[in-house]
Each structure stands twice: as structure tokens, then as C-alpha cells.
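Asker: Give me a 3D structure for the following:
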Amino acid sequence: MYLWVKALHLMAMVTWFAALFYLPRLYVYHAMARDKGDEQSMAYFKTMERKLYRGIMTPSMILVLIFGGWMLYLVPGWLSQGWMHVKLTFIVLLIAYHHVCLIYLKQFAQDRCTKSHTFFRWFNEAPVIALVVIILLAVVKPF
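Answerer: Purely as a prediction, here's the structure:
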């Protein structure tokens with residue numbers, strides 16, 4: 001049973017990270033369109049951002065948490081290991097990042113976002129760091 005749950009967890013994780021990488025990239029292009037006054041592109045980005053967040057990103061996050069929790073239920077001993085504590089800390093930070101993405105989604109939807117495309121280029125790097133740390137911890141289990 002564990003390997004099936006792990007496979008589902010990994011599929012959901014890959015999907016969630018794809019969305020975590022792509023949504024802020026859409027914000028980069030949306031901010032550039034805003035700066036150019038390109039109303040047609042801005043409307044298009046609003047639709048793409050909303051569908052990505054609600055249709056892919058959030059359901060994927062929920063599945064990651066369900067299957068991850070299920071794996072911890074199956075192997076509760078991991079909760080006593082340091083690497084898991086660090087990994088769970090990064091998961092909490094990713095969930096916070098996910099919700100910050102929602103704040104920007106709502107600001108863009110209401111034409112109130114004032115962040116620059118350069119800001120979103122840097123903002124887009126946070127999930128990359130989290131992915132590297134989480135994968136290393138899960139595979140190597142260093143402590």
C-alpha cells in the first residue's frame with residue numbers, strides 16, 4: 001500500500017510544483033502587459049491565472065497533503081526524525097507561498113497589483129529552493 005500512496009504523492013507533488021513555478025511566471029508577463037497598457041493580454045492572463053490556481057494548483061496541494069499525511073500514518077516513525085521536521089517546515093512555507101500567490105492573483109484580478117515584473121522574477125525562485133531542499137531531505141534523510 002505504501003508504494004501506491006507514495007506514487008500518488010509524487011504525482012501530486014510534481015503537478016503542484018509545476019503550478020508553483022508557472023503561476024509566478026504568468027505574473028511576470030501580466031506585470032509586463034500592465035506596464036504596456038495591453039488590456040487584451042491582461043484579461044487573458046487573469047483567466048489563465050485563475051484557472052491554474054483553482055483548477056490545478058490548489059487541488060494538487062490538497063492531494064500532496066492528503067497523500068503525505070497518509071504516508072506519515074503508514075510510517076509514523078519518520079515524525080521522530082530531524083529531516084522530516086525540516087521537510088515539514090518547508091511544506092508549511094510552501095503552503096504560505098501558495099496563499100501569497102492567491103493574494104497576488106486577487107490583486108491582478110482587481111487591477112491593484114503594483115509589483116514589478118522584476119519582483120515576480122525573484123519571487124518565482126522561492127519554490128525552486130524549497131524543491132531542492134525537500135527532495136534532498138526525502139531521498140538522503142541526512143539526520
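
Asker: Let me know the outermost residue of the protein.
Answerer: Distance from the centre of the chain peaks at Gly37, with 28.5 Å (CA atoms, centre = their mean).

Asker: ok, that residue to His85 distance?
Answerer: 48 Å (CB to CB, to the nearest Å). Any C-beta I mention is one placed from the backbone N, CA and C, and that applies to glycine too.

Asker: hang on, the earlier thing: what residues are up against the residue farthest from the centre of the chain?
Answerer: Residues counted as contacts of Gly37 (CB atoms under 8 Å, 6 or more residues apart in numbering): none.

Asker: From Asp111, how far off is it?
Answerer: 11 Å.

Asker: between the two, what contacts are shared?
Answerer: In contact with both Gly37 and Asp111: no residue, using CB under 8 Å, 6+ apart.

Asker: hang on, isn't Ser60 packed against Ala19?
Answerer: Yes - contact criterion CB atoms under 8 Å: Ser60 and Ala19 qualify, at 6.2 Å.

Asker: any idea how far the spatially most central residue of the chain is from Met1?
Answerer: Per CA atoms, centre = their mean, the C-alpha nearest to the average position across the chain is that of Leu20, at 3.4 Å. Noted for Leu20: a distance of 28 Å to Met1, by CB to CB.

Asker: Now do the helices in this protein.
Answerer: Along the chain, counting by DSSP state H, helices occupy 2-36, 39-52, 58-74, 82-109, 117-123, 126-140.
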